[in-house]
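1. Here's my sequence, what's the structure:
(one chain, ligands or ions: 1)
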Amino acid sequence: MMTAKEQSKPQPDEDFRMSQDDWLEAWNNGELLWHFDRVEPSLITHLDKLTSGSHYTTILVPLCGKSTDMHWLAEKGFFVVGIELSETAAQQFFVDHKLDYNMYITDRGIIYESYSKCFHIIVTDFFMFDKEVFGTFDCILDVNSFGTVNEEDRQRYANHCHSLLKSNGRVLLSTLTMDDNDIKSITTKKLKKICGTKFDVESLESLDVTEEMLQNFDKYRWKWKPCKVEKRIHLLTRTQ
Ligand SMILES: C[S@@+](CC[C@H](N)C(=O)[O-])C[C@H]1O[C@@H](n2cnc3c(N)ncnc32)[C@H](O)[C@@H]1O
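-> Down below sits the predicted model:
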C-alpha cells in the first residue's frame, strides 16, 4: 500500500495523459495548455537541415495547436499544412495572425485555407489524415507533438509520419526530457528504438530549458511542476 507521501507525488504519466476529449475541452474552455508566442529557436537554427536549403518544400506540422512556427514558415514561402484536433485552435491561429481564410467541410476534416492557398490547417485526428489529401510531404516539423502522444501510440505515430513523407523526407523533432518523468522523456535511445528501423536518427543539440518551462508552469498552471527539463533536437531522415 502507498504511503500518503507517495500518493501526493505525481505518479508516472498520470498528470500528463491527455485524451482527445481533454484537449478539445481545454481549447473550448479557453485554457491554453501549451503555446509559445515565439518561433521555436531550433527551427530557426536548423531550418536549412530540415529543408536541405530548398525553398520548394512542403512541410507538415502534426498536432499543430496554433503554433507560431507555421506562420513563420508560411511567410518564408513554404507550403505548410498543420493538423489539429481542435477547430477552436485553428480559428484562433487565423485570428491571431490576422489572416483571411476559406473554410471547407469535407469528409477528410474541416479545411482552413489561407487566401494565398500556401497555408492550411486541417481539423481532424492526425491518425485519420492520409496522403490522399495533399500527397506526401518533404518535411515534418514536430515540436513536442511526438511527446504529446500517449506512450502506447508513439510507434503508430512514427509509422504514420513515415507514411506521409517522401522517400528521403526529414523530420525536425523537438522533444523534452525531464529528470523525474521517465515516461514522458524522449531520449535518443527511445527514439532509435521506436523510429530506428524506418529513420536515420541524428541528435542535433540538447538545451537546458528548465527556466523557460518553469515560467510556463506559472502561466499555464500545469498540474505537474518540472524539476530539470532538457530540450532534445533530432533530425530524422526516412531511410526506406
Ligand atoms: C502540445 S500541444 C501543441 C504542440 C504544437 N506542436 C506547438 O508547438 O505549439 C498538442 C496539440 O495537439 C492536439 N492534438 C492532440 N491529439 C491530437 C490528434 N490525435 N490529432 C490532431 N491533433 C491532436 C491538441 O489539441 C494540442 O493542440
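
2. Show me what from the chain comes close to the ligand.
-> For the chain, the residues found near the ligand under the criterion CB under 6 Å from any ligand atom are 20, 23, 27, 34-35, 63-65, 67, 83-86, 89, 125-127, 143-145, 148. Glycine gets a C-beta too; all of them are placed from N, C-alpha and C.

3. Now do the most centrally placed residue in the chain, the pLDDT please.
-> Ranked by distance to the mean C-alpha position of the chain (CA atoms, centre = their mean), the top residue is S145 at 2.8 Å. In the prediction, the pLDDT value recorded for S145 is 95.

4. Any of the residues of the chain next to the ligand buried? List them.
-> 23, 27, 34-35, 63-65, 67, 83-86, 89, 126, 143-145, 148 (16 or more other CB atoms under 10 Å).

5. Tell me which of the residues you listed fall in helices.
-> For these, membership in helices holds for W23, W27, A89, with DSSP state H as the criterion.

6. Let me see the contact set for the second one.
-> Right, W27. W27 makes contact with S86, T88, A89, according to CB atoms under 8 Å, 6 or more residues apart in numbering.

7. would a markdown table of these with distance to K131 and pLDDT be doable?
-> Rendered in a markdown table, the data for those read as follows (distance: CB to CB, whole Å; pLDDT from 0 to 100):
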| residue | distance to K131 | pLDDT |
| --- | --- | --- |
| S86 | 23 | 97 |
| T88 | 27 | 96 |
| A89 | 23 | 96 |
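
8. In this structure, mark out all the strands, start to finish.
-> Per DSSP state E, the chain has strands spanning 58-61, 79-84, 101-106, 109-114, 119-123, 137-143, 165-178, 199-208, 229-238. These are given in chain order.

9. Would you confirm that T175 contacts G147?
-> Yes. Counting by CB atoms under 8 Å, T175 touches G147, with 4.8 Å between them.

10. So what would you say the end-to-end distance of stretch 94-103 is?
-> 11 Å (CA to CA, to the nearest Å).

11. Show me what counts as buried in that stretch.
-> The neighbour-count criterion (16+ other CB under 10 Å) identifies F94, Y101 as the buried residues of stretch 94-103.

12. Let me know the average pLDDT across that stretch.
-> What stretch 94-103 shows for mean pLDDT is 94.

13. Return the distance of stretch 126-146 from the chain's centre.
-> Taking the mean of its C-alpha atoms, stretch 126-146 sits 10 Å from the chain's own mean (CA atoms, centre = their mean, to the nearest Å).

14. List the residues that contact W72.
-> W72 is in contact with V39, L43, counting by CB under 8 Å, 6+ apart.

15. Around L204, how many other residues sit close by?
-> Look at L204: counted by other CB atoms under 10 Å, it has 15 neighbours.

16. And R154, how far from I186?
-> Distance check for R154 against I186: by CB to CB, to the nearest Å, it reads 8 Å.

17. for H120, that is, sorry about that
-> 27 Å.

18. which one is T88 nearest to, not counting chain neighbours?
-> W27 (4.3 Å; CB to CB, 6 or more residues apart in numbering).

19. and that neighbour, what pLDDT?
-> The per-residue confidence score, pLDDT, reads 92 for W27.

20. where are the low-confidence patches of this structure?
-> Screening the chain residue by residue with the criterion pLDDT under 70, one finds the ranges 1-16, 180, 218-226.

21. nearest spatial neighbour of R108, skipping sequence neighbours?
-> Residue nearest to R108 in three dimensions, not counting chain neighbours: V133, with 5.3 Å by CB to CB, 6+ apart.
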